[in-house]
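*Asks:* sequence unknown, structure follows:
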């Protein structure tokens, strides 16, 4: 306990922590780190290599190469509408959008189809298997070409 209190006293003296009038510890706001050069260079190399691409095209291409949709559904999609609903479900899960919001962006696919696909994605182990397929695909890509 004495080591912890000593560290706290040192942090207060350096201005890293403040003890307010309310007797509570107050931390300064978190500042963003300086942008590291390597991730920026990698990002620029990737964009230079692939150019401008739309998310739906990217999803379809990666799915064609990895068949992650089969892992998510535990079978092949029965129709193009089911595949689109599944991709919409991934978008809904990965954003603040709900099934209705995503459904309004995909012509011919309604919220009920996306909700059904969202539930399928949530089954135990499916998302992990799909991620493993995509990860294996990414790891097999030659980085030197970038």
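*Replies:* Cool, the structure landed. Since the model is a prediction, treat every value here as computed from it, not as a measurement.
*Asks:* Poorly predicted segments of the chain, please.
*Replies:* The chain contains residues with pLDDT under 70 at 143-146.
*Asks:* Roughly how far does the residue nearest the centre of it sit from residue 106?
*Replies:* In the chain, the C-alpha closest to the average C-alpha coordinate belongs to residue 94, at a distance of 6.0 Å (CA atoms, centre = their mean). As judged by CB to CB, to the nearest Å, residue 94 and residue 106 stand 15 Å apart. All C-beta spots, glycine's among them, are computed from the backbone N, C-alpha and C.
*Asks:* roughly how far apart are the residue nearest to the centre of the chain and residue 11?
*Replies:* 37 Å.
*Asks:* again with residue 22
*Replies:* For residue 22, the distance to residue 11 - CB to CB - is 18 Å.
*Asks:* Which of those two has more residues huddled nearby?
*Replies:* residue 11 (14 against 7; other CB atoms under 10 Å).
*Asks:* In contact with the more buried one, which residues are there?
*Replies:* Neighbour list for residue 11: residue 17 [criterion: CB atoms under 8 Å, 6 or more residues apart in numbering].
*Asks:* again, only this time at 10 Å
*Replies:* Counting by CB atoms under 10 Å, 6 or more residues apart in numbering, residue 11 touches 17, 18, 25, 27.
*Asks:* Also residue 130?
*Replies:* Here residue 130 is in contact with 63, 66, 67, 68, 69, 70, 71, 72, 73, 86, 90, 121 (CB under 10 Å, 6+ apart).
*Asks:* closest to residue 137 among the residues you listed?
*Replies:* Closest approach between the contacts of residue 130 and residue 137, by CB to CB: residue 66, at 4.7 Å.
*Asks:* Mind listing residues that contact stretch 59-71?
*Replies:* Against stretch 59-71 from outside (CB under 10 Å, 6+ apart): 53-54, 72, 75-77, 82-84, 86-88, 90-91, 117, 121, 125-138, 140-141.
*Asks:* rerun at 8 Å
*Replies:* Outside stretch 59-71, the residues touching it (CB under 8 Å, 6+ apart) are 76-77, 83, 86-87, 90, 126, 129-134, 136-137.
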